[in-house]
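J.: Return atomic coordinates for the entry below.
(2 chains)
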Amino acid sequence: MKDLLTKITNIATEKFTAQYAEARAQNLSKTMFTMKEGRVEAAKQGIESGAALRVLVNGAWGFASVGSLDQKILTEAISEACAMAKAASARLKIPIKLAPTKPVEDHVTAKPKKNPAEISVEDKIKTATSTTQVAMKWDKRIKSCTVDYMDLAGTSYLTTSEGTHIEQDKLYVWSKMTASALQNGVYTFSREEIGSTVGYELFDTETPEAVGERLAKRAVIQLGAKAPRGGKFPVVLGPNVVGVFVHEAFGHLAEADLALAGGVLANNMNKKIASELVTFYDDGTIDGAFGSFKYDDEGTPAQKTLLIKDGVVKGLMHNRETAQKFNAQPTGNARAEDFHVEPIIRMRNTYMAPQNHTFEELFEGVKDGYFFKSFRGGQANLDGTFQVGIQEAYEIVNSELGAPIHDASISGNTLETLLKVDAVGKDFELDSGRCGKGQTAFIGDGGPHIRVSEVTVGGSS
Amino acid sequence: MAALNKETILSLAENAVKVALQKGAAEVEAYAYDGKATNVGIERGQIMKTALIIDRGLGIRVQINKAIGFAYTNIIDNPATVEGAIVKALAAAHASKPDKDWKTLPEKKPYAPSPENTFDSKILELHAEDLVNLSTRMLDAASESDKRVFPIEGGAGAGYGSNAIANSNGVSAFDVGTMVECSLAALAREGNTVTPVCFEFAAERTLNVDPEWVGKEATRLALSSLKTKPVETKNYKLLFTQFALQELFYYTLINAVKADSVERNQSPFKDKLETKVGSETITIIDDGLLPGGLRTGIFDGEGAPHKKTPVIEKGILKNFLYDNYTAQKQGKESTGNASRAGYLSTPSIEATNFHVLPGTKSAEQLLSEVDDGLMVSYLQGAHSSNPVSGEFSVVATPAWRISKGKIENATRGVMLAGNIFELLKNVSVVGGNERKMGQLVAPWLLVENVRVIGK
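T.: Residues are numbered from 1 along each chain as shown, chains lettered A, B, ... in the order given. Just a heads-up that it's a prediction; the model follows:
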């Protein structure tokens, strides 16, 4: 593979005077199924193979993706990518340059304890069936349960015109479970998502019993929940909500491409923008976490990147292009979902560091507020407006946990909200999820429980 | 890689059906796809990148003893890998569990004539240079108007997609469509103020997009969001544009009209057929045959004919959307709503062109109906709506304050909270300004009495 890919990148540099060329080839295989109330819709297996070729010609990018590893087809494709880059460069005022990196030669192999490829589809279906049974038997008001399962294994080969040759195994195990409940015309919905880069041993900790119970309990609790009041309230956020807040509200703004696009963080380097209790990392090196890997898709080693330290902005997440713009080091955040798409800046495992409060202490002094325990989705805007939709929440009345509330969301301005973080717990939890930015990335996010003195709650009562 | 012609792609699917039957499948369906897209990308105000994506592949669904297996591969020029995929599909069916409700794959049914404006050979001839040109016209129109505007990303793209489906029940079908689009996201800056991102686009099946309009609109929207004033928390009359409706409907209402959601107790529309579920102003047709529609084609993801299905007529719920499996289970006929996300997915129920029939009022006339309200386009968090109950709690940013029939100023970060099924009942006026956006085809809607949480 190395020889083939080297021949292809050589065509770009020698024949088309590309300043840089990279060839990424992949062989991927997936097992997937969707189960609804224990019924398997279809057990699915697939294999894909192809190449992503990227070149820098006259300071503009050209990219081509083909589902083939045939030398003739790859030669055509990289020639086309070079011609297209040249066409795009016609009106370029500021040519693209890349921050230098050390070429790497390495071979990274996955070492799962339980290799999903060696576990039968029957066993995978059995695990999903158990989860379904636990959830559906939990309470007869549970009316539906869907389990999506996927494992992905494969090898990625990266060769660049600068001498990088990396062969890296990919291994992901992922499942999403949802349940709905119905009583007297009230409909509720609950979701769980788990993932790992270790192997099928994911289900040894996230057992069908544990996940099924979490799923069902939440759907049932919501049946008796009331609508939240809209307005500004003090809130306690659970690690699951803190994670998505760190990812959505802050993380995207700290992606250097979005910072350059006019995001509010670009001019705040080394400035204090948050309470001194706030320390954030984006870390690609946590063993087995869903957002971890050894090298990114430009060949830069993954690292633990400090984003905010004690309230002060310390770094952004970079690829080689943005690192050059900011005169910084690439941080290993250039990721491509697969060979159909080009690498772009993506988060890995993004989290808030714990401090010293107990869970109980966080509730102290909150007379009338909310505890947001688990999220349903979140989204951010470059101007710093964030939204996090909540699937499990409770009132806080006189420092005590109160009645459940349903379908709330929180919003505010990220920078204003980070200044209002007034207590941070000593616990820690990292969750697995997926992030969409034109392509999907597997990520982790998390943190401790925290208290925020004021956010806007979107509620209908 | 040259495009695969109709005969090649159809015979690929038909052969896979034959081989799978020989290897012991009781039923087989093969879906083949061939597509090519060329894109030119704008980043930070200039054209910086290009991409060519060629994607093709084959997905095979087999039934053995009422258990379903599926496999896909993108290596279709090699008979051995195709055969390997067939063997995998059969193995997957053996590993899966029988489904007592499974009846058959769809039977061969006549298709409607190909709707107009879904294919344009001029799109096939577009090269990177043409798309650079299109993007340049859009950027020039955007940046000429005002220095405070910063086009952050966007671009232009063109491509085609060919689909072939064959099954062991006699279905053998081919369709090809084209698409061209251009888009621009912009924000405006003045002093320390940065506006939220404002986005505009044009997407068509024929070479009929206006890049200058896209550039100017994105700019106008960003500039109009610079001056903001907070609004108070209360119930307002809201004028929803298609951007907001598309997201809200996709995550709530469309789920509720899928026959499998209804059957699985995940839809408040259960037992509501022929009852009033919306205001009399609302008529919605799921139209897989809409001329020029972005989701138009002659057949669905399993080869069933696309149709026009009335969903809501003058506020009365008329039909749910079916694929073949759910239809057979309930003794009904498929409405042609089986959708595939490419060759690597099995079909599932999805709307085609979800068409909210327009009224007659222009944008100005709609505005003049509002004494004190908001115009809502861009939502954050619609995907976090409750997909079953239809509750939403989202941020509208920017939104525009309407006072005495005129847009007064923008407002930022307001939250809207409510329920889609209540909202449907509170639609007072349906505009005449229809527009296609993804699977939604709709005009603006004026909705009474929506909870807005302001500053």
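J.: Using the record's domain definitions, break chain A down for me.
T.: According to automatic domain parsing, chain A comprises the domains A:2-223, A:231-458.
J.: what about the helices in the chain?
T.: As the question left the chain open, I've gone with chain A. A:2-10, A:71-88, A:121-138, A:202-205, A:208-223, A:239-244, A:256-260, A:320-326, A:359-363, A:414-419 (DSSP state H).
J.: Oops, wrong one, chain B.
T.: So, for chain B - with DSSP H - the helices run B:6-22, B:79-95, B:121-124, B:128-145, B:211-224, B:242-248, B:254-256, B:259-263, B:324-329, B:363-368, B:420-425.
J.: Just send the ones you listed back as TSV, with mean neighbour count too.
T.: Every C-beta, even on glycine, is put in place using the N, C-alpha and C of the backbone. Shown next, in TSV, are those (neighbours: other Cβ atoms under 10 Å in any protein chain shown):
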stretch	mean neighbour count
helix B:6-22	18
helix B:79-95	20
helix B:121-124	15
helix B:128-145	21
helix B:211-224	22
helix B:242-248	23
helix B:254-256	25
helix B:259-263	21
helix B:324-329	22
helix B:363-368	16
helix B:420-425	20
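J.: could I get the ones you listed as JSON lines with mean pLDDT?
T.: Formatted as JSON lines, those follow (pLDDT from 0 to 100):
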{"stretch": "helix B:6-22", "mean pLDDT": "97"}
{"stretch": "helix B:79-95", "mean pLDDT": "95"}
{"stretch": "helix B:121-124", "mean pLDDT": "96"}
{"stretch": "helix B:128-145", "mean pLDDT": "92"}
{"stretch": "helix B:211-224", "mean pLDDT": "96"}
{"stretch": "helix B:242-248", "mean pLDDT": "97"}
{"stretch": "helix B:254-256", "mean pLDDT": "97"}
{"stretch": "helix B:259-263", "mean pLDDT": "97"}
{"stretch": "helix B:324-329", "mean pLDDT": "97"}
{"stretch": "helix B:363-368", "mean pLDDT": "97"}
{"stretch": "helix B:420-425", "mean pLDDT": "97"}
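J.: could you dump these to TSV with distance to chain A?
T.: Formatted as TSV, the helices of chain B follow (distance: least, Cβ to the nearest Cβ, whole Å):
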stretch	distance to chain A
helix B:6-22	14
helix B:79-95	4
helix B:121-124	15
helix B:128-145	4
helix B:211-224	10
helix B:242-248	10
helix B:254-256	10
helix B:259-263	8
helix B:324-329	9
helix B:363-368	25
helix B:420-425	9
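J.: Distance to residue A:105 added to those helices, as CSV?
T.: Below are the helices of chain B laid out as CSV (distance: least, Cβ to Cβ, whole Å):
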stretch, distance to residue A:105
helix B:6-22, 40
helix B:79-95, 30
helix B:121-124, 42
helix B:128-145, 34
helix B:211-224, 45
helix B:242-248, 46
helix B:254-256, 50
helix B:259-263, 51
helix B:324-329, 51
helix B:363-368, 61
helix B:420-425, 55
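J.: Out of these, which is closest to residue B:311?
T.: helix B:254-256 (9.3 Å; Cβ to Cβ).
J.: Centre of the chain to that closest one, how far?
T.: For helix B:254-256, the separation from the chain centroid amounts to 13 Å (computed by Cα atoms, centre = their mean, to the nearest Å).
J.: Just the residues contacting that helix, thanks.
T.: B:261-262, B:266-269, B:350-351, B:354, B:387-388, B:390, B:420-421, B:439 (Cβ atoms under 8 Å, 6 or more residues apart in numbering or on different chains).
J.: out of the residues you listed, who's nearest residue A:84?
T.: residue B:439 (30.4 Å).
J.: my guess is the closest one contacts residue B:354, does it?
T.: Yes: between residue B:439 and residue B:354 there is a contact under Cβ atoms under 8 Å: 5.2 Å.
J.: With adjacent residues omitted, what lies nearest to whatever residue of chain A ends up closest to chain B?
T.: Closest to chain B within chain A is residue A:389: 2.2 Å, counting by Cβ to the nearest Cβ. Once flanking residues are discounted, residue A:389 sits nearest to residue B:384: 2.2 Å by Cβ to Cβ, 6 or more residues apart in numbering or on different chains.
J.: Next up, the contacts around the one you found.
T.: Contacts of residue B:384 by Cβ under 8 Å, 6+ apart are A:375-379, A:387-390, A:409, B:393-394.
J.: which of those residues are buried?
T.: A:375-379, A:387-390, A:409, B:393-394 (16 or more other Cβ atoms under 10 Å in any protein chain shown).
J.: What about those residues, which are in strands?
T.: A:375-379, A:387-390, A:409, B:393-394 (DSSP state E).
J.: could those go into JSON lines alongside distance to residue A:369 and pLDDT?
T.: Formatted as JSON lines, these follow (distance: Cβ to Cβ, whole Å; pLDDT from 0 to 100):
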{"residue": "A:375", "distance to residue A:369": "17", "pLDDT": "96"}
{"residue": "A:376", "distance to residue A:369": "20", "pLDDT": "93"}
{"residue": "A:377", "distance to residue A:369": "22", "pLDDT": "93"}
{"residue": "A:378", "distance to residue A:369": "20", "pLDDT": "93"}
{"residue": "A:379", "distance to residue A:369": "23", "pLDDT": "92"}
{"residue": "A:387", "distance to residue A:369": "19", "pLDDT": "94"}
{"residue": "A:388", "distance to residue A:369": "16", "pLDDT": "96"}
{"residue": "A:389", "distance to residue A:369": "18", "pLDDT": "95"}
{"residue": "A:390", "distance to residue A:369": "13", "pLDDT": "96"}
{"residue": "A:409", "distance to residue A:369": "15", "pLDDT": "94"}
{"residue": "B:393", "distance to residue A:369": "17", "pLDDT": "93"}
{"residue": "B:394", "distance to residue A:369": "21", "pLDDT": "95"}
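J.: Tabulate these (a markdown table), appending distance to residue B:413.
T.: Output for those, formatted as a markdown table (distance: Cβ to Cβ, whole Å):
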| residue | distance to residue B:413 |
| --- | --- |
| A:375 | 19 |
| A:376 | 20 |
| A:377 | 18 |
| A:378 | 15 |
| A:379 | 13 |
| A:387 | 9 |
| A:388 | 13 |
| A:389 | 15 |
| A:390 | 17 |
| A:409 | 12 |
| B:393 | 13 |
| B:394 | 11 |
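J.: Quick check: bridge partners of residue B:194?
T.: Beta-bridge partners of residue B:194, counted by DSSP bridges, are residue B:189.
J.: In contact with it, which residues are there?
T.: Contacts of residue B:194 (Cβ under 8 Å, 6+ apart): A:262, A:264, A:382-383, B:187-188.
J.: Closest one to residue A:131 out of the residues you listed, please.
T.: Looking across those and measuring by Cβ to Cβ, the closest to residue A:131 is residue A:382, at 38.6 Å.
J.: tell me the contacts of residue B:90?
T.: Residue B:90 neighbours (Cβ under 8 Å, 6+ apart): B:20, B:23-25, B:62, B:64, B:69.
J.: Having no further points to raise, I will conclude here.
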